[in-house]
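**Student:** dropping a prediction and its sequence here:
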Amino acid sequence: MEDIKKYIEDNKQRFLDELFELIRIPSISSEQKHKDDMKKMAEALKQKLLDAGADKADVMPTDGNPVVYGEKMVDSSKPTVLVYGHYDVMPVDPIEKWDSQPFEPEVRDGKIWARGADDDKGQSFMHIKAFEYLNQSGKLDCNVKFMMEGEEEIGSPSLGKFCEQNNEMLQADTILVSDTSMLSPKNPSITTGLRGLAYMEVEVTGPNRDLHSGIFGGAVANPANVLADMIAKLKDENNKVTIPGFYDDVIEVTDQERKEMAKAPFDLEEYKKSLDIEEVDGEAGYTTMERTGIRPSLDVNGMWSGYTGEGAKTVLPSTAGAKISMRLVPNQEHKKIARMFEDHFKSLAPKSVKVEVKELHGGQGYVSPIDLPAYKAASKAMETTLGKKPIPVRSGGSIPIIATFENVLETKSILLGFGLESDAIHSPNENYPLDQFYNGIETIVHFYEEYAKTS
């Protein structure tokens with residue numbers, strides 16, 4: 001235990017320097033202009049794996065951005081761990097909200113500030129440094145494979161096919177993922193469930209051009225007004241989604257399970273204070289943690305229409321659009337929900353407009369049992385590092401490819417995340433505490449030590 005602490009202490013600055021090299025590459029998968037950056041990032045990751053001790057590492061093509069694969073096989077009789085992470089990041093908009101340049105990482109107040117600092121470059125890099133230590137110390141007693149993709153933030157459209165085509169190469173006893181968060185360092189947790197996702201884009205079209213709002217206002221349907229009204233009808237007064245059949249496949253959590261979930265420490269007042277809000281909101285009859293862990297939800301992720309520039313321009317817009325996501329719980333099938341959404345949304349439209357609905361991407365929810373040897377190893381490892389047994393919790397987020405791993409590779413995933421709610425992933429000023437970064441490296445080392453004992 002002291003060896004890994006000393007190794008981290010002796011190499012802290014080098015670890016940061018290497019991580020910052022990766023963060024400086026603007027690997028935004030949703031923007032075509034960064035296509036070359038995706039390839040550059042993949043090649044850089046490949047080299048990091050080789051430098052850390054991988055026997056081989058390759059940049060492998062897919063229908064989209066490449067996958068970085070690496071491995072070190074120490075003994076065929078030993079258990080094999082497949083480490084999954086992603087090297088793509090979210091766009092940085094609105095750029096004016098950042099306190100520093102998003103791709104010029106800075107350390108302030110004990111945190112790394114940059115896009116990808118947590119999600120998922122920082123967390124993925126913890127695995128590479130833990131792997132490096134185990135190799136250099138001669139303590140690696142498991143086979144390790146790495147699979148780093150470049151499309152997670154756009155729904156992993158190419159990875160399912162990649163897994164099918166490389167099924168044998170990717171076979172492992174467990175999949176280890178650090179792309180989630182914990183409750184807090186004082187109250188560590190391991191994510192045992194993820195919500196699924198159905199992500200849609202809608203467009204409402206009225207007249208064939210923008211119109212003068214004085215001459216035509218009140219006589220022609222305004223697509224922005226219509227869209228706002230249609231969206232408002234997607235939920236009722238109790239914040240339940242109004243799509244017919246939306247809840248049909250939702251498995252209700254028992255009262256006993258809800259009591260167990262309620263044992264997880266949660267300070268509602270601190271939660272509201274951290275977000276600068278006076279009240280929380282959500283489906284009636286459920287707590288804040290239940291609303292994000294065991295219940296589905298529907299939210300608008302973006303809206304656009306008309307003139308939004310400086311000053312006034314009195315137009316009645318021709319079109320209005322929105323991106324809408326539905327977080328789903330296990331047993332809700334995302335393709336089915338997407339079809340139901342389209343049918344219902346179109347039914348809400350008056351004849352004065354035309355409506356187009358597109359499904360952008362989606363994925364299934366996931367639940368991991370806590371009696372798996374890999375989960376027990378992760379729990380013991382986190383307890384060794386942080387001094388407290390972690391609480392199993394269900395997350396409100398989605399990692400669509402995790403369910404695919406279970407279906408295609410027939411392997412369960414352990415979600416050993418070290419992010420915090422305050423890390424602002426997907427937002428301006430994303431950050432990652434240095435303590436979480438270093439504690440993550442140490443915990444991953446302990447995971448391998450514990451998991452090797454199961455062979």
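**Tutor:** Yes, it's here.
**Student:** this structure: helices as residue ranges?
**Tutor:** 2-23, 35-52, 121-137, 159-165, 213-216, 223-232, 255-261, 268-275, 288-293, 334-347, 373-386, 401-404, 434-452 (DSSP state H).
**Student:** out of those helices, which is closest to Tyr87?
**Tutor:** When the helices of the chain are compared by CB to CB, helix 35-52 sits nearest Tyr87, at 5.0 Å. No exception for glycine: its C-beta is placed from N, CA and C like everyone else's.
**Student:** pull the closest one out as PDB, backbone CA atoms only.
**Tutor:** The C-alpha coordinates for helix 35-52 follow below in PDB (Å, rounded to 0.1, in the frame of the first residue of the first chain):
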ATOM      1  CA  LYS A  35     -11.900  14.700 -37.300                       C
ATOM      2  CA  ASP A  36      -8.100  15.000 -37.500                       C
ATOM      3  CA  ASP A  37      -7.900  15.700 -33.800                       C
ATOM      4  CA  MET A  38      -9.700  12.400 -33.100                       C
ATOM      5  CA  LYS A  39      -7.000  10.500 -35.000                       C
ATOM      6  CA  LYS A  40      -4.300  12.500 -33.300                       C
ATOM      7  CA  MET A  41      -5.800  11.700 -29.900                       C
ATOM      8  CA  ALA A  42      -6.000   8.000 -30.700                       C
ATOM      9  CA  GLU A  43      -2.400   7.800 -31.700                       C
ATOM     10  CA  ALA A  44      -1.400   9.700 -28.500                       C
ATOM     11  CA  LEU A  45      -3.300   7.200 -26.400                       C
ATOM     12  CA  LYS A  46      -1.700   4.300 -28.200                       C
ATOM     13  CA  GLN A  47       1.700   5.600 -27.300                       C
ATOM     14  CA  LYS A  48       0.700   6.100 -23.700                       C
ATOM     15  CA  LEU A  49      -0.400   2.500 -23.400                       C
ATOM     16  CA  LEU A  50       2.900   1.200 -24.900                       C
ATOM     17  CA  ASP A  51       4.900   3.500 -22.600                       C
ATOM     18  CA  ALA A  52       2.900   2.100 -19.600                       C
END
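**Student:** which other helices and strands does it contact?
**Tutor:** Applying 3 or more CB pairs under 8 Å, 6 or more residues apart in numbering; DSSP states H and E, we find helix 35-52 packed against helix 2-23, strand 56-60, strand 67-72, helix 121-137, strand 143-149.
**Student:** so can I have CSV of those showing mean pLDDT and mean neighbour count?
**Tutor:** Below are the helices and strands packed on helix 35-52 laid out as CSV (pLDDT from 0 to 100; neighbours: other CB atoms under 10 Å):
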stretch, mean pLDDT, mean neighbour count
helix 2-23, 97, 15
strand 56-60, 98, 16
strand 67-72, 98, 23
helix 121-137, 98, 24
strand 143-149, 98, 25
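**Student:** save these as CSV, and put in distance to Glu278 too.
**Tutor:** Shown next, in CSV, are the helices and strands packed on helix 35-52 (distance: least, CB to CB, whole Å):
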stretch, distance to Glu278
helix 2-23, 36
strand 56-60, 50
strand 67-72, 45
helix 121-137, 33
strand 143-149, 40
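**Student:** closest one to Val315 among the helices of the chain?
**Tutor:** Of all the helices of the chain, it is helix 213-216 that lies closest to Val315, at 5.8 Å by CB to CB.
**Student:** so how far is the helix or strand of the chain with the lowest mean pLDDT off the chain centroid?
**Tutor:** Here the helix or strand of the chain ranked lowest by mean pLDDT, DSSP states H and E is helix 255-261, holding a mean of 84. In terms of CA atoms, centre = their mean, to the nearest Å, the centre of helix 255-261 is set 26 Å apart from its chain centre.
**Student:** same thing with stretch 310-317?
**Tutor:** With CA atoms, centre = their mean as the basis, stretch 310-317 stands 37 Å off its chain's centre.
**Student:** run through who's touching that stretch.
**Tutor:** With contacts defined as CB atoms under 8 Å, 6 or more residues apart in numbering, stretch 310-317 is touched by 206-207, 210-214, 216-217, 220, 222-224, 305-307.
**Student:** in CSV, list the helices of the chain along with distance to Lys358.
**Tutor:** Converted to CSV, the helices of the chain look like this (distance: least, CB to CB, whole Å):
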stretch, distance to Lys358
helix 2-23, 32
helix 35-52, 22
helix 121-137, 30
helix 159-165, 20
helix 213-216, 28
helix 223-232, 15
helix 255-261, 35
helix 268-275, 31
helix 288-293, 26
helix 334-347, 9
helix 373-386, 38
helix 401-404, 21
helix 434-452, 37
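**Student:** so which of those comes closest to Leu183?
**Tutor:** helix 288-293 (9.6 Å).
**Student:** restricting to C-alpha, output that closest one in CSV.
**Tutor:** Only the C-alpha atoms of helix 288-293 are listed here, as CSV (Å, rounded to 0.1, in the frame of the first residue of the first chain):
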residue,chain,number,x,y,z
THR,A,288,-34.4,13.8,-5.5
MET,A,289,-32.2,10.7,-5.5
GLU,A,290,-35.0,8.5,-6.6
ARG,A,291,-35.9,10.8,-9.4
THR,A,292,-32.4,10.5,-10.9
GLY,A,293,-31.8,6.9,-10.0
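**Student:** which helices and strands sit right next to it?
**Tutor:** Using 3+ CB pairs under 8 Å, 6+ apart, helix 288-293 is in contact with helix 255-261, strand 391-394.
**Student:** identify each buried residue in the first one, please.
**Tutor:** For helix 255-261, burial by neighbour count (16 or more other CB atoms under 10 Å) applies to Met261.
**Student:** now the last one
**Tutor:** For strand 391-394, the neighbour count (16+ other CB under 10 Å) marks Ile391, Pro392, Val393, Arg394 as buried.
**Student:** leaving out chain neighbours, which residue sits closest to Met303?
**Tutor:** In space, and not counting its chain neighbours, Met303 is closest to Ala322: 4.6 Å by CB to CB, 6 or more residues apart in numbering.
**Student:** same thing with Tyr133?
**Tutor:** Nearest to Tyr133 is Tyr7, by CB to CB, 6+ apart, at 5.1 Å.
**Student:** re the thing from before, out of the helices of the chain, nearest to Asn301?
**Tutor:** For Asn301, the closest of the helices of the chain is helix 223-232, at 11.5 Å, according to CB to CB.
**Student:** Gln171 and Thr80, how far apart?
**Tutor:** To Thr80, Gln171 is 7 Å away according to CB to CB, to the nearest Å.
**Student:** which residue of those two possesses the greater neighbour count?
**Tutor:** Thr80 (20 against 13; other CB atoms under 10 Å).
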